[in-house]
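Visitor: Pasting the sequence and the predicted coordinates here, then a few questions.
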Amino acid sequence: MIIANVELSADYDRLFLDALPPFIHVRAGSRRAQTLYWLMDQLVQEREDDPPGAGLLQFRLAHLMFIQILRAHFDTAEPLAAGWLRAVD
């Protein structure tokens, strides 16, 4: 199990979190799953091997995972209502 924390800008965190469900389940057969598997494998390797720059790379891999998880959610969610999150989409 991998647990991560994503820090958001204090100006927008509540708006962003209110637009998302409390949990996002990415199904193994989804189109984003393959990328997430690869990213998780890379993250685990960086943690186990701990080569120079591992901390920075883990940080970046976590960001990429977050984006892929959001994309997986938007792939299956109802169309976004008018608002700022839809503008970013």
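Guide: Structure received. Note that the structure is a prediction, hence the values are computed from the model and not measured.
Visitor: where's the most centrally placed residue in the chain, which helix or strand?
Guide: Centroid-nearest residue in the chain, with Cα atoms, centre = their mean: residue 66, separated by 1.1 Å. Using DSSP states H and E, residue 66 maps to helix 54-76.
Visitor: Now do that helix: which elements does it pack against?
Guide: Judged by 3 or more Cβ pairs under 8 Å, 6 or more residues apart in numbering; DSSP states H and E, helix 54-76 is in contact with helix 33-49. For glycine as for every other residue, the C-beta is placed from the backbone atoms N, C-alpha and C.
Visitor: just checking, the residue nearest to the centre of the chain touches residue 6?
Guide: Yes - counting by Cβ atoms under 8 Å, residue 6 is a contact partner of residue 66 at 5.3 Å.
Visitor: what residue ranges in the protein are flagged as low confidence?
Guide: Across the chain, the ranges flagged by pLDDT under 70 are 1-2, 4, 80-89.
Visitor: secondary structure class for residue 10?
Guide: Put simply, residue 10 is coil when judged by DSSP: H, G, I helix; E, B strand; the rest coil.
Visitor: Name the helix or strand for the residue lying farthest from the centre of the chain, please.
Guide: Going by Cα atoms, centre = their mean, the residue of the chain most distant from its centre is residue 52, 24.2 Å out. Residue 52 is part of no helix or strand, with elements assigned from DSSP H and E.
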